[in-house]
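J.: how would this look folded up:
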Amino acid sequence: KSMDLKEYISMTKLKNVLKEMKAYNDTAHFDRIEKYTYFEILSLLQILVDEKVSKDHKEIVRNFFGGLASKTPENYEKSLDKFIKKHKKDALAYRLKIIYAALKNDGKAADNYANKVLAIDPEVFSVHLLKASLLYEQEKWSEAIPYYTKTIELYPEYSSGWAHRANCYRHLNKYEEAANDYAKSLEYYPSYPFALTEQGRLFLAMEKLNEAIVSFKKAVNIKADAWTYNNMGLVYSDLKNYDSALICFNEAIAMEPDYYIAINNRGDLFYNIDSLSLAIVDYTKCIELKADNPNYYADRANAYYYHN
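T.: The predicted structure is shown next:
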């Protein structure tokens with residue numbers, strides 16, 4: 001028997017939670033960068049307090065949360081399957097099946113249920129976002145773009161949708177479209193580190209190095225991470241500002257000691273300034289971390305050759 005939602009959250013508290021989330025969204029706009037799960041769970045919680053929603057749908061959602069909380073969620077999945085047989089044109093049950101599939105890391109099943117939902121209701125924002133994310137993770141850039149476009153149509157202020165569509169365009173070498181989307185993402189969420197970092201990578205690809213530095217600096221000032229410091233180091237290297245590049249690579253490696261990409265980039269920097277013994281140390285570390293990459297052996301061989 002599924003646990004009743006009222007056993008661990010009252011409807012009064014739920015209404016207060018939703019009220020506080022709305023107030024926070026209206027001020028901080030953090031929902032503009034959230035992922036699929038956030039929007040879907042929020043949507044389900046809203047169903048429970050919506051007086052216009054049928055009792056049957058509310059019961060499905062209550063049982064859904066109960067199934068998640070129980071030790072045997074598979075029993076609830078069986079009840080969902082029974083509901084689907086009776087209501088084949090009801091998108092809600094398929095949306096719940098998506099979440100169970102996601103919890104089991106079954107991307108194929110999640111994608112299948114997502115297709116069923118959109119066939120019934122093509123205006124479900126969260127499911128378009130899920131489809132876009134699944135395709136993005138598979139690096140299917142062209143296929144992901146229409147789904148990100150739909151999420152933006154349904155929620156124009158969704159900064160993450162603009163930024164991820166921009167990345168798709170960038171990977172397809174459509175730099176003008178990418179630049180426009182990064183700008184739009186940052187218009188709606190100016191302090192979005194992901195968009196700033198990826199915008200910096202676009203400027204790097206376009207050889208607009210000074211603009212890239214500006215974007216990377218903004219990103220690390222908001223939220224410092226190894227990935228951004230590494231990319232900023234590459235720009236400084238291209239500008240022949242090796243002191244600043246070294247500082248950036250060191251910051252990246254301090255944050256993630258086994259970040260072999262940054263270690264290799266630092267090795268390249270040492271190689272370029274003729275600090276060959278230090279380059280050898282870094283290339284050796286890369287080999288220890290990624291022994292299957294032949295480029296690290298070739299780089300170290302060159303360093304040994306000129307060092308001796």
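J.: so which helix or strand takes in residue 53?
T.: Here residue 53 is covered by no helix or strand, with elements defined by DSSP states H and E.
J.: What residues does it make contact with?
T.: When contacts are counted by Cβ atoms under 8 Å, 6 or more residues apart in numbering, residue 53 touches residue 47. All C-beta atoms are positioned from the backbone trio N, CA, C, and that covers glycine.
J.: Which helix or strand contains residue 304?
T.: Per DSSP H and E: helix 294-307 holds residue 304.
J.: Residue 47 contacts residue 64, doesn't it?
T.: No. Counting by Cβ atoms under 8 Å, residue 64 is not a contact partner of residue 47; they are 9.8 Å apart.
J.: more neighbours, those two?
T.: residue 64 (26 against 17; other Cβ atoms under 10 Å).
J.: Distance of the nearest residue to that one once chain neighbours are set aside relative to residue 135?
T.: Spatial nearest neighbour of residue 64, chain neighbours left out: residue 96 (5.1 Å); criterion: Cβ to Cβ, 6 or more residues apart in numbering. As for residue 96, its distance to residue 135 is 22 Å (criterion: Cβ to Cβ, to the nearest Å).
J.: Excluding residues flanking it in the chain, which one is nearest the spatially most central residue of the chain?
T.: Nearest to the mean C-alpha position of the chain, by Cα atoms, centre = their mean, lies residue 35 at 7.1 Å. Once flanking residues are discounted, residue 35 sits nearest to residue 133: 7.1 Å by Cβ to Cβ, 6+ apart.
J.: go on, residue 162?
T.: Using Cβ to Cβ, 6+ apart, the closest residue to residue 162 is residue 185 (3.7 Å).
J.: Provide a list of residues in contact with the one you found.
T.: Neighbours of residue 185 in contact, by Cβ under 8 Å, 6+ apart: 159-160, 162-163, 166, 192, 195.
J.: Filter the residues you listed down to the ones in helices?
T.: Members of the contacts of residue 185 lying in helices (criterion: DSSP state H): 159-160, 162-163, 166, 195.
J.: Select from those residues the one having the most neighbours.
T.: Neighbour tally across the ones in helices among the contacts of residue 185 (other Cβ under 10 Å): the maximum, 30 neighbours, falls on residue 195.
J.: Hmm, it is touching residue 159, no?
T.: Yes. The criterion here is Cβ under 8 Å, and residue 195 meets it with residue 159 at 6.5 Å.
J.: list residues touching both of those two?
T.: Going by Cβ under 8 Å, 6+ apart, residues that sit against residue 195 and also against residue 159 are 185-186, 189.
J.: got JSON lines for those residues, with pLDDT, distance to residue 113 and secondary structure too?
T.: Shown next, in JSON lines, are those (pLDDT from 0 to 100; distance: Cβ to Cβ, whole Å; DSSP: H, G, I helix; E, B strand; the rest coil):
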{"residue": "185", "pLDDT": "96", "distance to residue 113": "29", "secondary structure": "helix"}
{"residue": "186", "pLDDT": "96", "distance to residue 113": "33", "secondary structure": "helix"}
{"residue": "189", "pLDDT": "92", "distance to residue 113": "30", "secondary structure": "coil"}
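J.: would you list the residues you listed in TSV and tack on distance to residue 254?
T.: As requested, the shared contacts of residue 195 and residue 159 are exported to TSV (distance: Cβ to Cβ, whole Å):
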residue	distance to residue 254
185	29
186	28
189	28
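J.: Closest one to residue 210 out of those, please.
T.: residue 186 (17.6 Å; Cβ to Cβ).
J.: tell me the contacts of the closest one?
T.: 159, 192, 195-196, 199.
J.: Distance of residue 237 relative to residue 248?
T.: Counting by Cβ to Cβ, the separation of residue 237 from residue 248 is 9 Å.
J.: repeat for residue 177
T.: For residue 177 relative to residue 248 (Cβ to Cβ), the value is 29 Å.
J.: In terms of neighbours, single out the busier of those two.
T.: residue 248 (27 against 15).
J.: That one touches residue 230, doesn't it?
T.: Yes. Judged on Cβ under 8 Å, residue 248 makes contact with residue 230 at a distance of 7.0 Å.
J.: so where's the stretch 51-200 of the chain uncertain?
T.: Where the stretch 51-200 of the chain drops to pLDDT under 70, the residues are 67-77, 79.
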